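K.L.:
Quick one, fold the following:
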Amino acid sequence: MDRARNGALKDANTMDYVQFGQIPFSYATGLRISNNTTTPNTKLNVAVGSILDSTKTYQMLLSTAVVIDTAAVGLVNGLDTGVLLASTVYSVFLIAGNGPTGCLVSLSPTAPLLPSGYNIFALIGYMPTDSIARIQLGIWGAGNTGERNFLYNTNQPTSVVAGSETVLTPIDLSTLVPYTETARYVYVSTSFTPSVAGRGLNIHPTGSTGSAFVSLGQVVAVALASRGWVYARNSGGVPSISYQVTNAADVANIKISGFMFTI
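P.N.:
Next comes the predicted model:
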């Protein structure tokens, strides 16, 4: 028998978490998230896997794949509270306790509202929603690592559609990118149309003057498509990148293709 953190005893043959030390520190494997095949805009699939809990005490085990239904509020394998909001990045957790290990979606990146009997959790990824509160379609990375990524099926527009700012101007990415880390890589997709050949588009981590992403237009009035990874830095809880063009007659269109994250 083993004693869970809330004092309840659990049969060792049915435990879905184990004391730290039995599996390598901070080990994460599997737990791939994916859109549900039948109802991809309201449900997520989570594959089997294992991860260390948020307190670095228990290695959590998911031995059977589960389906998260965001319409199931306050329940295991559901949304912790409220209703699904539009244009929001939710956190996805693995949770354990005195019931079967399952998953939970929450607005909080660090403190989900756990169902009764559950007291252990670990962040396993993020779930963005679109402008009408549907789960975005995409691809989540997995494997034997805590460094993972998410790629949107369709590049997501930012506020910069016909940008012409000649000074570094922040772009708020809070509806598209998680903000729990000080900085994270975001995958940027751009279209840049120069007014004169050789003019460029620069994209920087907000607050940095060192160029991280440069697109140089080679032909006047012909759009150049480019992609690359750039750090998004947080300022007041808002992840952002900054851009500028060489001349106000230049035109930039900036979209987000995805982001990296750590679990």
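K.L.:
Spit out the contact partners of Leu176.
P.N.:
Val89, Pro128, Gln156, Thr158, Ile256, Phe259 (C-beta atoms under 8 Å, 6 or more residues apart in numbering). Quick note: C-beta positions are derived from backbone N, CA and C, even for glycine.
K.L.:
likewise Gly138?
P.N.:
Asn35, Pro128, Phe150, Leu151, Tyr152, Asn153, Gly258.
K.L.:
Low-confidence ranges, the stretch 151-263 of the chain, go.
P.N.:
Low-confidence regions of the stretch 151-263 of the chain, defined by pLDDT under 70, span residues 211.
K.L.:
what about 80?
P.N.:
For the stretch 151-263 of the chain, the stretches with pLDDT under 80 are 181-183, 209-211, 235-237.
K.L.:
you'd agree Thr180 is in a helix?
P.N.:
No: read with DSSP: H, G, I helix; E, B strand; the rest coil, Thr180 is coil and lies in no helix.
K.L.:
Surely it and Pro109 touch.
P.N.:
Yes: assessed by C-beta atoms under 8 Å, Thr180 is found in contact with Pro109 at 4.2 Å.
K.L.:
what touches both of those two?
P.N.:
With C-beta under 8 Å, 6+ apart, Thr180 and Pro109 have common neighbours Ser91.
K.L.:
hmm, back to that, highest neighbour count among the contacts of Leu176?
P.N.:
In terms of neighbour count, Phe259 stands highest of the contacts of Leu176 at 25 neighbours, by other C-beta atoms under 10 Å.
K.L.:
Confirm that that residue sits in a helix.
P.N.:
No: when classified by three-state DSSP, Phe259 is found to be strand rather than part of a helix.
K.L.:
domains of the protein?
P.N.:
As assigned by automatic domain parsing, the chain contains the domains 2-145, 154-262.
K.L.:
List the pairing partners of the helix or strand Tyr126 falls within within its sheet, with orientation.
P.N.:
Element membership for Tyr126, per DSSP states H and E: strand 118-128. The pairing partners recorded for strand 118-128 under DSSP bridges are strand 89-97 (antiparallel).
K.L.:
So which bits of the strand it pairs with are buried?
P.N.:
Val89, Tyr90, Ser91, Val92, Phe93, Leu94, Ile95, Ala96, Gly97 (16 or more other C-beta atoms under 10 Å).
K.L.:
farthest pair in those?
P.N.:
Val89 and Gly97 (25.8 Å; C-beta to C-beta).
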